[in-house]
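Q: dropping the sequence and predicted coords here.
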Amino acid sequence: MNGPGDTYHAQAPVDLDAIARNVAVLRRRMNGSQVMAVVKADGYGHGITQAGQAAVAGGADWLGVVHVAEALRLRQAGITVPVLCLMALAEDEHPAAITAGVDLTAGTVPLVRQIAAAAAGAGRPARLQLKADTGLSRGGATRAEWPAVVDAALAAQADGQLQVTGLWSHFACADEPGHPSIAAQLARFGEAADYAEKAGLTPEVRHIANTAGALTFPPSRLDLVRLGGAIYGLSTLPGGAPGWLRPAMTLTARLAQVKRVPPGTGVSYGHRYVTTAETTLGLVPLGYADGVPRGAAGRALVQARGCRWPIAGTVCMDQFVVDFGDEPVSAGDEVVLFGPGEDGEPTAQEWGEALGTISYEIVTGIGSRVPRTYASAQASEPEGAVGA
Ligand SMILES: *Cc1c(COP(=O)(O)O)cnc(C)c1O
């Protein structure tokens, strides 16, 4: 994937074609439900505008973000599909979102009123989606609060201050297929949505499913599915994403130094690793400041010269060491921390499993000092791609 002339120290090549293709395949498999590609957290670390453009090129109907600033970056990049902010935000962020035609979320009466007031100031109705808490106990209106939230939205809508464009909720346990809370939350969401529609709201979309819900529980797909992990080829399901999705991010580095050391050599801070024979150590110029967790020592594996090698000793802020035994590695050799897994390299899913976390925490944790590179995308941008 990288020519021998490359001189980078570390980089994260992102396969934008994989994102576009994942979205296209997901869209076909969702039986007509619209697809919202979730590109919060800098597109799960892949680059928000690049991931957003690739997702739209692949057919994403909506994009999902958390912060208004993220939504505005998508608009500035020329992306015109509807964008939803998934979290309740600071009041001073509402006017910019309303002006940019970005959908906001509210699950409380005060928030509905704040957004209506901001819309009155902006001279343009807000696009608002109401969020029901059906069992996650995070954002959104409880069953008891829902009627008042619906009433507040109806009143503001009658005054021309907003348009309720959607009703939604979020699963607590979608990554445990068959968990009884999944069907229970879907049923409660159905009741909440029916209540709102009988009261007079006419949302464009009802939605509840994330990647795990959409992949494993088809009744949850409703009008729209909110897919984050899946578009990057990841999921929180046991075993990761299905094989028809392709992980989009690779993390590679070049050995900064190689040295031969005798048996009994203590390696890295604390000498938590001591060589047992004469061996070759290679220095990888990535550390916990780049998102390689300190806990990866002795647990996660990296690939070099077609084999997998364990991390030897403490992961430092900017670097870690690999014990290559008698393998003839040289400074400048490529080390792959994770990738799609198609050439035997570890995957972000495997890193997550090794570290007792999920692949999302691995890819979103890759630091800003690691350049994302986008080699292949321009060559084959599918029709309908949005220009940068
Ligand atoms: C992040 C997020 C998603 C996407 O979840 P995935 O598991 O990545 O598909 C969907 N909905 C909400 C509310 C989210 O915050």
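A: All right, it came through fine. Everything numeric here is computed off the predicted structure, so don't read it as measured data.

Q: contacting residues around residue 156?
A: 112-113, 115-116, 119, 162 (CB atoms under 8 Å, 6 or more residues apart in numbering). In short, each C-beta sits where N, CA and C put it, glycine included.

Q: weed out the non-buried ones from those residues.
A: By neighbour count, with 16 or more other CB atoms under 10 Å, those hold 112-113, 115-116, 119, 162 as buried.

Q: what about those residues, which are in helices?
A: Taking DSSP state H as the definition of helices, those contribute 112-113, 115-116, 119.

Q: quick check, nearest of the buried ones among the contacts of residue 156 to residue 297?
A: When the buried ones among the contacts of residue 156 are compared for distance to residue 297 (CB to CB), residue 115 wins out at 47.5 Å.

Q: enumerate every residue touching the closest one.
A: Counted by CB under 8 Å, 6+ apart, residue 115 has contacts 94, 98, 104, 106, 126, 128, 156, 162.

Q: find me the pLDDT at it, would you?
A: You'll see residue 115 listed with a pLDDT of 97.

Q: before we move on, what about the one 5 residues further on?
A: According to the model's per-residue confidence, residue 120 sits at a pLDDT of 96.

Q: OK, contacts around it?
A: The contact partners of residue 120, by CB under 8 Å, 6+ apart, come to residue 161.

Q: now do the contacts for residue 92.
A: Residue 92 touches nothing, counting by CB under 8 Å, 6+ apart.

Q: so which residues of the stretch 51-200 of the chain form helices?
A: For the stretch 51-200 of the chain, helices defined by DSSP state H, counting those that start in this stretch occupy the ranges 68-76, 94-99, 109-122, 146-158, 180-199.

Q: what about residue 167, distance to the ligand?
A: Using CB to the nearest ligand atom, to the nearest Å, residue 167 is found at 13 Å from the ligand.

Q: wait, doesn't that residue sit right on residue 203?
A: Yes: with contact defined as CB atoms under 8 Å, residue 167 reaches residue 203; the gap is 4.8 Å.

Q: now do the shared contacts for the two.
A: In contact with both residue 167 and residue 203: 129-130, 193, 196, using CB under 8 Å, 6+ apart.

Q: if you rank these by neighbours, which is first?
A: residue 130 (27 neighbours; other CB atoms under 10 Å).

Q: any idea what the residue nearest to that residue when sequence neighbours are not counted is bridged to?
A: Distance criterion CB to CB, 6 or more residues apart in numbering; nearest residue to residue 130, sequence neighbours excluded, is residue 167 at 5.4 Å. On the basis of DSSP bridges, residue 167 takes part in beta bridges with residue 130, residue 206.

Q: re the thing from before, for the shared contacts of residue 167 and residue 203, give me CSV that also has distance to residue 299 and pLDDT.
A: Formatted as CSV, the shared contacts of residue 167 and residue 203 follow (distance: CB to CB, whole Å; pLDDT from 0 to 100):
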residue, distance to residue 299, pLDDT
129, 41, 98
130, 43, 98
193, 44, 98
196, 48, 98
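
Q: out of these, which comes closest to the ligand?
A: Minimum distance to the ligand across those is 10.7 Å, recorded for residue 129 (CB to the nearest ligand atom).

Q: so what's the closest one closest to, chain neighbours aside?
A: With sequence-adjacent residues excluded and distances taken as CB to CB, 6+ apart, residue 129 is closest to residue 166, at 3.6 Å.

Q: wait, that neighbour sits on residue 204?
A: Yes: assessed by CB under 8 Å, residue 166 is found in contact with residue 204 at 6.1 Å.

Q: and these two? Which one has more around it.
A: Higher neighbour count among residue 166 and residue 204: residue 166, with 24 against 17, using other CB under 10 Å.

Q: check contacts around the more buried one.
A: Contacts for residue 166 (CB under 8 Å, 6+ apart) come out as 84, 103, 129-130, 203-207, 224.

Q: quick check: it vs residue 65, distance?
A: Shown here: residue 166 relative to residue 65, a distance of 15 Å by CB to CB, to the nearest Å.

Q: repeat for residue 257
A: For residue 257 relative to residue 65 (CB to CB), the value is 41 Å.

Q: same question for residue 204.
A: Distance from residue 204 to residue 65, counting by CB to CB: 18 Å.

Q: if we can go back for a sec, from the buried ones among the contacts of residue 156, which single one is nearest residue 361?
A: Using CB to CB, residue 115 comes nearest to residue 361 of these, at 31.6 Å.

Q: ok, and the closest non-adjacent residue to the closest one?
A: Counting by CB to CB, 6+ apart, residue 115 lies nearest to residue 126, which is 5.0 Å off, once chain neighbours are set aside.
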